[in-house]
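[1] A structural model of the following input is requested.
(chains A and B)
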There are 2 protein chains.
Amino acid sequence: MQDWQPPSPEQRHALVAQARFDADGLLAAIAQDEDRNVLMLAWMNSEALDETLRTGRVCYFSRSRQRLWRKGESSGQVQHLLKAAFDCDCDALLLTVHQTGVACHTGRRSCFYQNVTPEGLQADSAPLITPTQLYGSTDPGRG
Amino acid sequence: MQDWQPPSPEQRHALVAQARFDADGLLAAIAQDEDRNVLMLAWMNSEALDETLRTGRVCYFSRSRQRLWRKGESSGQVQHLLKAAFDCDCDALLLTVHQTGVACHTGRRSCFYQNVTPEGLQADSAPLITPTQLYGSTDPGRG
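    Okay, the predicted model is just below:
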């Protein structure tokens, strides 16, 4: 898949204006890798969407920290955008990304690792890297 | 992929209790087909989640209609659950489904058909079926 082809500034502004943000000013964004594994679901405000489309490096809005969250800013596990698609009513975004390392703060490739089974939730994978390796020894927040 | 193996009633109640619903009582649910195409993003309240896990037929909560939405109830385009996985903090759900026909009310297989291109949004696919075929001649809502 080829690298991200950013829209022109005019097109980018039009796209951000077309997006339907919720009452909190947020849009759900799903990140999927080149092999179509769904890695995570996070949120973007208009600034995060604009930056992502402009730079090709995925930037979310952290609801817990109430600020922009450049994925990988503390962990190094960045997401490079390959493709972006809005859904039919422009209130959700599907990102195809090249994920450096792991997407999940637990050290797993995908956040969606807790399978529903007849016996309850069961992890489908082990961490590939420890949180300490990801964030250092002090608590990091996420990302 | 084998058919849905429902959790026991006790496990199901525990799972619904573990889910972290937002201030509106909703959880984001992503539906992906067996070929890992992301079909749609929608919402579940606790009742929709409980019903989905119990029956293996996907039921969402329609935010616009403020009621349970058994996917396919008016269009016939139902989703049979194959697998469900929570993300790391239990506030989003990834469903693997067998989608009868199309997921999108526009008649496309996936709702995420509006690609961001340097020239703005461009549909990546044509409808496979018309809204009239999906819903009859009167306006249907969606589903």
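
[2] Show me where chain A has its helices.
    Listed in chain order, the helices of chain A (DSSP state H) span A:9-18, A:46-55, A:131-135.

[3] Out of those, which one sits most buried?
    Most buried of the helices of chain A, by mean neighbour count (mean count of other Cβ atoms under 10 Å in any protein chain shown): helix A:46-55, with a mean of 19. C-beta here means a position set from N, CA and C on the backbone, and glycine is covered the same way.

[4] ok, is that one in contact with chain B or not?
    Yes - using Cβ under 8 Å from any Cβ of the partner chain, helix A:46-55 reaches chain B at A:Leu53.

[5] just stretch A:26-34 next, same as before
    Yes - applying Cβ under 8 Å from any Cβ, one finds stretch A:26-34 touching chain B at A:Ala28, A:Ile30, A:Gln32.

[6] If you average the pLDDT over stretch A:10-23, what comes out?
    Stretch A:10-23 comes out with an average pLDDT of 96.

[7] For that stretch, report the contacting residues that lie outside it.
    Residues from elsewhere that reach stretch A:10-23 (Cβ atoms under 8 Å, 6 or more residues apart in numbering or on different chains): A:6-7, A:27, A:45-46, A:49-50, A:53-54, A:86, A:89-91, A:93, B:116, B:118-121.

[8] For the buried ones among those, write the corresponding PyMOL selection.
    Selection of buried members from the contacts of stretch A:10-23 for PyMOL, criterion 16 or more other Cβ atoms under 10 Å in any protein chain shown:
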select buried, (chain A and resi 6+7+27+45+49+50+53+86+91+93) or (chain B and resi 116+120+121)
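
[9] Of the contacts of stretch A:10-23, which belong to strands?
    A:Leu27, A:Phe86, A:Leu93, B:Val116, B:Gly120, B:Leu121 (DSSP state E).
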